[in-house]
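> sequence and computational prediction follow.
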Amino acid sequence: MSRVQALALAALAASLGCFAGCGTPTGGTGPVTSAQLRGFFSRAQDPRRLWLTAYPDESGGAIFANAFRLHPEQVVARQLLVSKPPISPVLLLEAGLGDRFAGVLDTTTGRSWMEFDTALSVRAIPLGPPAYEYTPLHVNDAVPGYLGVLSKLRIGDAHVESALFAVRAARGNLGHLSRGITHPPISCVLGTDLIKAFEFVQVDFPNRRVVLSSTSGYSPEDAILVAAVPLEEVDGAFAADGVFDGKPARVVLDLAGDFEAARPDAPAAPLRQVSVGDVVFRQVRVADARKLALGLPDHPRVGRQLLSRFKVTFAPKQNLVYFERPGPVR
């Protein structure tokens, strides 16, 4: 390690202050220590050495060209790991030399995340110095993450090269990033940055299946199509224009949220109607977003208790999200 790198890492550890190492419980959980963070960053690489080019974005962060590279002609169907209600979008993932772990598909975060010990196990390479530091926007979680790259992530037969993850600086769990899912334990979050690399990602909750395509766009079946809705974004979260409580709103589409709808000022009685594009939901129960530690407070959400009524297909390159009636449960 060069002297410049050593000074940069020392400054990074100091900047964590009391967060790193203060109140760390025994048993391998809790915030990482300064020594653990220094050990992680001892393998840091300049993005250019990994064929990644960083460009500044409007938020002050960075966009990385050549990340999330896919193999061509990949159309992969994978079963969700959760078999009993509530069905959550959790997939079995592989990395490294066969390391397996569970990841949740979360359409409300523009950044994918990984638990610290998992990142060490799969040999994720931190980027820097300087470190690329992130704080979650989609949930209220003060623990920062530091960007690292995984040389290869496998979702079944779908291969993702140079997958970027913000490595959460805490051990043992992902806190609010796991979205309340405890079985199986969640080690990483697949955000919209990864989803947008694919032509489409389809989630069929009744049949517990996810389909990912790297090559061909999506063509819905007219007989089962309910609506094709323009796909929007809110701070990286997938969203759509609709009507919430009688008022126009950009509604966040939350596949990982175990609720019908959510917003900070939740009414006691169900809403008569919520719409997402041309998709209409009636008598919608609204959860308190503050109690669920949800971020993005200026935008209401619809969760998977509503979205799971459909086969939902996100086609980011077409800027569309398709809602279809699911087929017979197999």
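Yes, it's here.
> and the nearest residue to Asp204 once chain neighbours are set aside, how far from Ala261?
Excluding its sequence neighbours, the residue lying closest to Asp204 (C-beta to C-beta, 6 or more residues apart in numbering) is Lys311, at 4.6 Å. Placement of C-beta: from N, CA and C, glycine included. Shown here: Lys311 relative to Ala261, a distance of 20 Å by C-beta to C-beta, to the nearest Å.
> would you map the helices across the stretch 201-330 of the chain?
304-307 (DSSP state H, counting those that start in this stretch).
> just for it, where's the confidence low?
Along the stretch 201-330 of the chain, segments meeting pLDDT under 70 span 328-330.
> endpoints of stretch 302-311, how far apart?
15 Å (C-alpha to C-alpha, to the nearest Å).
> and for it, what's in contact with it?
86-89, 202-206, 224, 226, 251-262, 274, 276, 279, 281, 284, 287, 322-327 (C-beta atoms under 8 Å, 6 or more residues apart in numbering).
> dump the residue contacts of Ala262.
With C-beta under 8 Å, 6+ apart, Ala262 has these contacts: 254, 286-289, 292, 294, 300-301, 303.
> am I right that Val321 is in contact with Leu225?
No. Contact criterion C-beta atoms under 8 Å: Val321 and Leu225 do not qualify, at 11.9 Å.
> more crowded one of these two?
Using other C-beta atoms under 10 Å as the criterion, Val321 and Leu225 rank with Val321 on top: 28 against 13.
> now for that one: which residues touch it?
Contacts of Val321 (C-beta under 8 Å, 6+ apart): 228-229, 231, 238, 240, 253, 312-315.
> contacting residues for the residue most central in space within the chain?
Residue closest to the average C-alpha location in the chain (C-alpha atoms, centre = their mean): Gly191, at 2.5 Å. Residues counted as contacts of Gly191 (C-beta under 8 Å, 6+ apart) are 106-107, 109-113, 236.
> how many other residues sit next to Leu320?
Leu320, neighbours per other C-beta under 10 Å, totals 20.
> for it, list the residues it contacts.
Leu320 touches 218, 228-231, counting by C-beta under 8 Å, 6+ apart.
> any chance you could map the strands in the stretch 201-330 of the chain?
For the stretch 201-330 of the chain, the strands defined by DSSP state E, counting those that start in this stretch cover 209-213, 225-230, 232-234, 237-244, 247-254, 261-263, 271-276, 279-284, 286-288, 301-303, 311-315, 320-324.
> so of these, which one's packed in deepest?
strand 301-303 (a mean of 26; mean count of other C-beta atoms under 10 Å).
> and that one, how far from the chain's centre?
15 Å (C-alpha atoms, centre = their mean, to the nearest Å).
> give the partner strands of that strand in its sheet and their orientations.
strand 247-254 (parallel), strand 261-263 (antiparallel) (DSSP bridges).
> so the first one versus strand 271-276, what angle?
Computed with axes from the mean of the first three to the mean of the last three C-alpha atoms, to 10 degrees, the direction of strand 247-254 lies at 70 degrees from that of strand 271-276.
> relative to strand 237-244, how tilted is strand 247-254?
140 degrees.
> picking up where we left off before, among the contacts of Leu320, which one lies nearest to Gly145?
Nearest to Gly145 among those is Leu231, at 25.3 Å by C-beta to C-beta.
> residue contacts, the closest one?
238-240, 314-316, 318-321.
> if we use 6 Å, what do you get?
319-321 (C-beta atoms under 6 Å, 6 or more residues apart in numbering).
> now Gln45
Gln45 touches Ile125, counting by C-beta under 6 Å, 6+ apart.
> what pairs with it across the strands?
Beta-bridge partners, per DSSP bridges, of Gln45: Leu127.
> read off the pLDDT value for it.
Looking at Gln45, its pLDDT stands at 96.
> tell me how far it lies from Phe200.
32 Å.
> now do Asn319
12 Å.
> more crowded one of those two?
The residue with more neighbours, out of Asn319 and Phe200, is Phe200; 23 against 11, by other C-beta under 10 Å.
> what bridges to that one?
Ser213.
> burial count for Ala44?
20.
> now render the strands of the stretch 201-330 of the chain as a markdown table, adding distance to Ala163.
As requested, those are exported to a markdown table (distance: least, C-beta to C-beta, whole Å):
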| stretch | distance to Ala163 |
| --- | --- |
| strand 209-213 | 13 |
| strand 225-230 | 28 |
| strand 232-234 | 20 |
| strand 237-244 | 19 |
| strand 247-254 | 22 |
| strand 261-263 | 29 |
| strand 271-276 | 29 |
| strand 279-284 | 31 |
| strand 286-288 | 31 |
| strand 301-303 | 26 |
| strand 311-315 | 18 |
| strand 320-324 | 23 |
